[in-house]
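*Asks:* here is a sequence with its predicted model. Questions after.
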Amino acid sequence: MRFKKFASLAIASAMTMSMLAGCGDTGTGSTEGSGGGATEAKTEASGSESATESSGGSGGQLEANHDEEYTVEFYNVAANFQGVQPGWYGKIVKDKFNLNLNIIAPQVSGDGAALYQTRCAAGNLGDLIILDNADMSECVDAGLIKDLKGTIENYPNLMKFQSQIEAFNKQMGDGNGIYAIPLEMNNNGPTDYKQLHVYTYPRMGWDMYNEAGAPELKNLDDLLNCLKKIQDAHPTNDKGDSAYAISLWKDWDSDYMECVAQLTKWYGQEVNGSVLIGTDNTITPLTDKNGAYYKMLKFFFKANQMGLVDPDSATQDWNAVVSKMQDKRIYLYWYSWQYGFWNSPARGEEGVNYVEIPVADTNLYQPSDTYYGDGRVIAVGSQVTDEQFARLMEFLDWYASPEGVQIQHAGTEGLTYTIENGKYTPTEDGLNRFSAEVKVPDELGGGNWNDGNNMINQWIVASCDINPDTGEPYSDQMWSTTRKMNETKTTKEWTEKFGAADDVEYLLNNNMMTVVPSINMSLAIDPTDISLARNQCGTTIKEASWRMVFATDEADFDAQWDAMVAELDGLGYADVVAFDTEKYQPMLDARKAAQ
């Protein structure tokens with residue numbers, strides 16, 4: 001069985017590995033083997049000049065000729081945008097490499113599964129390809145991915161992560177090639193969690209929480225009651241637009257309701273396929289009534305019964321939610337990166353920034369930083385010409401270079417940050433680039449900053465990795481200058497009330513968070529019967545979950561849950577659960593060995 005080959009290889013390398021998830025800014029939900037997916041420019045690429053000087057082969061980098069414009073077909077499961085990369089980031093790539101990045105995004109194409117199957121059947125998925133681990137294994141076996149061994153060794157920025165790349169590729173093909181480059185790697189260490197904030201947790205405006213009496217929140221009911229007070233006092237934002245405690249969106253759903261799945265982590269479990277994996281290394285079906293999926297689905301149901309759920313939730317997409325956050329029409333955040341859509345030092349001094357509010361009965365499932373990668377990988381398609389291959393390798397090496405990574409995580413010098421005496425300091429536009437309309441000068445690409453942001457939406461090097469040019473993380477949120485600027489009325493009052501420097505310290509001090517090792521391994525691919533059952537069951541779970549959020553009363557909610565479980569039984573859900581239980585056990589074995 002193919003799974004056993006992957007498992008044995010993965011366990012062998014995983015003894016030196018640890019975990020996968022909190023380091024990056026994406027967080028797109030559960031990823032292969034993890035338990036758990038913003039962007040940005042100087043002008044000269046570190047390590048890329050020699051790419052135009054030396055010829056290919058083991059003696060040096062491939063010769064990349066930029067004379068002809070090259071439109072890269074970029075198949076990308078992480079992208080929320082389809083089309084040619086626009087704006088300021090598109091201009092950087094075009095000016096440096098004479099490349100256009102034509103992003104093919106299955107999650108916005110209408111039918112991602114059909115798109116994937118059609119392109120695979122045609123034998124050409126793309127020139128550059130971002131996939132989840134398991135799908136990449138399948139594509140390697142199908143001959144759709146180019147082996148980089150003998151070439152990648154000549155690209156110094158990629159080779160900074162040689163141990164991580166080689167460990168992962170022992171799981172690919174026959175274990176002797178280099179096919180895929182893990183994404184979101186760092187060199188800080190395999191067991192570290194260095195973030196300023198946990199990935200998912202309840203977050204509210206500090207002013208509104210205090211206005212509601214700054215209550216101690218013992219459980220989810222207390223959280224809802226606090227949100228009810230806030231919404232009753234502020235049924236609209238300052239512009240008079242309707243506002244709600246909670247706003248949901250459907251377009252991130254997979255085999256379940258993603259907004260529910262992310263919140264299961266508050267109570268020590270993460271959704272992986274059809275099962276819940278716990279901080280205690282247990283595996284239970286998603287449909288277990290004692291599990292966190294049921295608990296958090298009921299949380300949203302109760303919220304709706306109290307009038308706290310945005311009625312647009314069932315029809316809007318993520319972009320609509322972003323707009324509402326920027327206008328302060330949503331009172332509960334749960335992702336750390338949502339701060340960027342509202343928070344700023346100025347608002348912190350006003351006391352209106354969003355901050356974590358502890359809920360006493362939580363035990364957060366928090367993956368460590370993704371030293372070995374986050375469950376997605378980038379590769380080169382096997383059908384590219386030699387000339388295209390040279391240009392793609394040059395781009396990938398730059399993408400992993402200090403210049404490329406700093407652009408990715410902090411933007412463009414002069415617009416979003418300045419450098420003085422070696423210190424990087426964010427500008428006002430840099431601080432507000434996700435929460436406001438930041439105009440980009442025409443000479444840098446023009447338009448709005450967000451509209452020109454890096455639409456690849458995944459990166460080789462995580463934001464918590466250290467920039468050798470500064471000795472600080474690439475993330476502008478983690479610069480000493482930014483942290484000083486963010487010491488505001490809000491943070492000082494929060495620290496005074498909760499007795500900790502930040503939420504990470506608070507949760508650890510109060511035994512309300514468990515950091516689990518992040519294991520980046522390629523796991524079993526569904527055989528045809530399991531794939532069919534999973535798709536049918538996933539549709540049932542998603543549709544039933546959304547109906548249950550808007551159930552008429554508790555009896556209706558429970559009746560719909562029971563009907564969903566009965567329907568799943570008839571669709572072969574027990575077989576899917578059994579398959580996933582066996583699939584994820586090697587990951588748990590590796591995790592135990594890493595602890």
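*Replies:* On my side now, so go ahead.
*Asks:* contacts for the helix or strand harbouring residue 208 next, please.
*Replies:* Using DSSP states H and E, residue 208 sits within helix 206-211. Residues from elsewhere that reach helix 206-211, judged by C-beta atoms under 8 Å, 6 or more residues apart in numbering: 226, 229-230, 233-234, 331, 350-355, 357, 490, 493-494. (Glycine included, C-beta is placed from N, CA and C.)
*Asks:* do stretch 311-324 as well
*Replies:* Under C-beta under 8 Å, 6+ apart, the answer for stretch 311-324 is 80, 243, 246-252, 310, 330, 341, 546, 549-550.
*Asks:* next step: those restricted to strands.
*Replies:* Residues of the contacts of stretch 311-324 located in strands (DSSP state E): none.
*Asks:* now the buried members of those.
*Replies:* Listed as buried from those are 80, 243, 246-250, 252, 310, 330, 341, 546, 549-550; burial here means 16 or more other C-beta atoms under 10 Å.
*Asks:* take those residues and lay them out in TSV including pLDDT and distance to residue 389.
*Replies:* Formatted as TSV, the buried ones among the contacts of stretch 311-324 follow (pLDDT from 0 to 100; distance: C-beta to C-beta, whole Å):
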residue	pLDDT	distance to residue 389
80	91	28
243	98	52
246	98	48
247	98	45
248	98	43
249	97	39
250	94	39
252	91	34
310	98	48
330	98	45
341	94	39
546	98	45
549	98	48
550	98	51
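*Asks:* in helices only, show me those residues.
*Replies:* 546, 549 (DSSP state H).
*Asks:* picking up where we left off before, generate a ChimeraX selection restricted to the buried subset of the contacts of helix 206-211.
*Replies:* Buried residues among these (16+ other C-beta under 10 Å), as a ChimeraX selection:
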select :226,229,230,234,331,351,352,353,354,355,357,490,493,494
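*Asks:* now do the SS call for residue 521.
*Replies:* Judged by DSSP: H, G, I helix; E, B strand; the rest coil, the three-state class of residue 521 is coil.
*Asks:* shouldn't it be in contact with residue 589?
*Replies:* No: in this structure residue 521 lies outside contact range of residue 589 using C-beta atoms under 8 Å: 10.4 Å.
*Asks:* higher neighbour count, the two?
*Replies:* Shown here are residue 521 and residue 589; by other C-beta atoms under 10 Å, residue 521 has more neighbours (28 against 16).
*Asks:* distance of that one relative to residue 142?
*Replies:* Here the criterion is C-beta to C-beta, to the nearest Å. By it, residue 521 lies 20 Å from residue 142.
*Asks:* also residue 318?
*Replies:* Residue 318 is 32 Å from residue 142, by C-beta to C-beta.
*Asks:* which residues sit against the strand or helix carrying residue 388?
*Replies:* When elements are assigned from DSSP H and E, residue 388 belongs to helix 386-399. By C-beta under 8 Å, 6+ apart, the list of residues contacting helix 386-399 from outside reads 45-48, 51-52, 56, 61-66, 70, 72, 93, 96-97, 99, 127-128, 146, 148, 151-152, 155-158, 181, 378, 380, 384, 404-405, 408, 459-460.
*Asks:* stretch 140-155 now?
*Replies:* For stretch 140-155, using C-beta under 8 Å, 6+ apart, the contacting residues are 47, 56-62, 120, 123-125, 129, 136, 139, 158-159, 165, 172-173, 176-181, 379-384, 389, 393, 396-397.
*Asks:* mind listing which of these are in helices?
*Replies:* 120, 136, 139, 158-159, 165, 389, 393, 396-397.
*Asks:* ok, so of these, who is nearest residue 581?
*Replies:* residue 136 (23.0 Å; C-beta to C-beta).
*Asks:* tell me who's in contact with that closest one.
*Replies:* Residues near residue 136 by C-beta under 8 Å, 6+ apart: 129, 145, 172, 179-180, 377, 379, 522.
*Asks:* which of these scores worst on pLDDT?
*Replies:* Among these, residue 522 carries the lowest pLDDT, at 78.
*Asks:* that one and residue 133 touch, don't they?
*Replies:* Yes: between residue 522 and residue 133 there is a contact at 4.3 Å, judged by C-beta under 8 Å.
*Asks:* which stretches of the stretch 451-595 of the chain have low pLDDT?
*Replies:* Scanning the stretch 451-595 of the chain for pLDDT under 70 picks out 595.
*Asks:* can you give me the helices for it?
*Replies:* With helices called from DSSP state H, counting those that start in this stretch, the stretch 451-595 of the chain shows them at 480-485, 489-498, 503-509, 528-549, 554-570, 573-594.
*Asks:* to residue 198, which of those lies closest?
*Replies:* helix 503-509 (5.8 Å).
*Asks:* can you pull out the strands in the stretch 351-500 of the chain?
*Replies:* 354-356, 364-367, 376-380, 417-420, 423-426, 466-467, 472-473 (DSSP state E, counting those that start in this stretch).
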